[in-house]
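1. Any chance you can model this:
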Amino acid sequence: MYQAVPALRQLQVALGGSFVSTRSSTVKAIRKNYPQADALHLRSMWPKFSAGYRQMSESDLIVTGSPNNSLLKTFRAKKYMVFHGTYAYLSVNEVRAMEHFDHLCVLGPRMMQVVENAGLAGKASFSGYLPFLEYPQKDAGARQQFLLGLGLDPAKKTLLYLPWGKPYGSWDLIAEKLLREIPASYNLILRPHPSQSVTMRFRDRLGFMRLQKIIKARGAAYLDLTAQKLPLLYAHADLIISDGTSPAEESLYYDLPQIFVETERFSRTVVSRMMHAKNSDKKQIESVIRLYDCGKILAPQTVNLERLVQDAIDGAHQYADERNAYFKFAFGARNNDAQKKLIESMRQYA
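-> Coordinates of the predicted model:
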């Protein structure tokens, strides 16, 4: 999945090696967005004759974001599991299914609790969240240059909307509403989930074309189909609008104010139900849905979005303690020491 690439890219830059994917769309996206990176396809038909298979057969270390035991057991290399998302809903049973890995790269205290409960703490160590290595320091000059490059006014507050993918995400319920009801006195960047923008289906393409017409009429808006690097979007945003998933958690790196979209498809209630079905305990469920205590709530029927947005920005300090506590539990310290230590431990295979 392309979602794993930003995490793995940091290791590839430091240690070398090649990306290998069974999805041609992922290989194409890597070559487009990271032209310096070597990306190979592992074909499902006659895989042993593909360049990706040969590369994995010759490797001493395989680092992946997918616990694909049926594929990985074919290769002799040491195998490290890197969690490419924040994995807030990770269950004990899912961790136990990763027992075939030599090493589990744990993001922070929250994940370590689940790994310990699964009995695999001996295979785990704190790695930090690897994409944070690519997160730049906030800089006014860089922000101005970046927003101008998108055709946006740096003098305006910039809102960044990052929903989840289908079937849970709010994109088709909320994206147009944001464009029509939030005034052009705010910049609005809309970035659909990569499952829609990278592996683009005909219906998605038609929807994006419709939104582009609304954007043109509104102005002060930009539709990002993964053309921009996510860390830059976070670094130059003033407010995050999300479905309460990984983007909300990641953006807390910059302590950004939050608005959480709740729909019948996805909400605190849905999260609780999903985690309960995976046999997560009450304490873990409560720790995850505490994310919604870090900001304002938006629903499809919400009126006066301008007021909601302004209140979220002006009242950001009211949720500062909640944001910082949640970040610390999910990721640990706001530095990159754990990530750098992990990279050094992998050099023996490079």
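2. Can you name the secondary structure element that comes next after the helix-or-strand element of the chain with minimal mean pLDDT?
-> Among the helices and strands of the chain, helix 194-197 carries the lowest confidence by mean pLDDT, DSSP states H and E, at a mean of 76. Beyond helix 194-197 on the C-terminal side, the first helix or strand identified by DSSP states H and E is helix 202-218.
3. Check which element follows that next one along the chain.
-> Downstream of helix 202-218 (by DSSP H and E), the next one is strand 221-223.
4. what's the spacing between that next one and its chain's center?
-> Counting by CA atoms, centre = their mean, to the nearest Å, strand 221-223 is centred 19 Å from the centre of its parent chain.
5. what's the answer for stretch 115-124, then?
-> Mean-position distance between stretch 115-124 and its chain equals 24 Å (CA atoms, centre = their mean).
6. Specify the beta-bridge partners of the closest residue to A312 other than its chain neighbours.
-> Leaving aside its sequence neighbours, A312 sits nearest to K296 (CB to CB, 6 or more residues apart in numbering; 4.6 Å). (Glycine included, C-beta is placed from N, CA and C.) The bridge-partner assignment for K296, based on DSSP bridges, gives I259.
7. Am I right that K296 is in contact with Q310?
-> No: the criterion here is CB atoms under 8 Å, and K296 misses it with Q310 at 10.5 Å.
8. So these two - more neighbours on which side?
-> K296 (21 against 15; other CB atoms under 10 Å).
9. Can you tell me how far the more buried one is from V261?
-> 10 Å (CB to CB, to the nearest Å).
10. try Q137
-> Per CB to CB, Q137 is found 29 Å from V261.
11. More neighbours: which of these two?
-> V261 (28 against 7).
12. What distance do you get for the nearest residue to the more buried one once chain neighbours are set aside to A330?
-> Spatial nearest neighbour of V261, excluding adjacent residues (CB to CB, 6+ apart): S170 at 4.5 Å. Using CB to CB, we find S170 at a distance of 22 Å from A330.
13. and the residue lying closest to N69 once chain neighbours are set aside, how far is that from S287?
-> Excluding the flanking residues, the one nearest N69 by CB to CB, 6+ apart is H100, at 4.9 Å. To S287, H100 is 28 Å away according to CB to CB.
14. For S44, give me its contacts.
-> By CB atoms under 8 Å, 6 or more residues apart in numbering, the residues touching S44 are T22.
15. gap between it and S21?
-> 11 Å.
16. what does I189 give?
-> Plainly put, I189 is 27 Å away from S21 if you go by CB to CB.
17. and the residue lying closest to L107 once chain neighbours are set aside, how far is that from A338?
-> Leaving aside its sequence neighbours, L107 sits nearest to Y129 (CB to CB, 6+ apart; 5.1 Å). From Y129 across to A338, the span is 9 Å (CB to CB).
18. do G108 as well
-> Taking CB to CB as the measure, G108 falls 9 Å from A338.
19. Can you pull the residues that touch both of those two?
-> Contact with both G108 and A338 is made by residues 126, 128, 332, according to CB under 8 Å, 6+ apart.
20. just to revisit the earlier point, okay, S170 and A330: which has more neighbours?
-> Remark: of S170 and A330, S170 carries more neighbours, 25 against 22, as counted by other CB under 10 Å.
21. my guess is that one meets W164, correct?
-> Yes: using CB under 8 Å, S170 makes contact with W164 at a distance of 7.4 Å.
22. Show the residue spans covered by the strands in the protein.
-> Remark: strands assigned in the chain by DSSP state E are 19-21, 39-41, 61-64, 78-82, 103-106, 124-126, 158-162, 187-190, 221-223, 239-242, 258-261, 296-298.
23. pLDDT score assigned to M200?
-> Reading off the confidence values, M200 has pLDDT 66.
24. just to revisit the earlier point, got any residues that touch both of S170 and W164?
-> 243, 266.
25. Could you pull up the contacting residues of the residue nearest to V261?
-> Contacts of S170 by CB under 8 Å, 6+ apart are 163-164, 243, 261, 263, 265-266, 300.
26. L72: which of those is nearest?
-> Nearest to L72 among these is W164, at 27.1 Å by CB to CB.
27. What number of residues are in the vicinity of that closest one?
-> With other CB under 10 Å as criterion, W164 counts 21.
28. The one 10 residues further on too?
-> By the criterion of other CB under 10 Å, I174 has 22 neighbours.
29. Could you find the closest non-adjacent residue to it?
-> V261 (5.6 Å).
30. pretty sure the one you found contacts S242?
-> Yes: under the criterion of CB under 8 Å, V261 makes contact with S242 at 6.8 Å.
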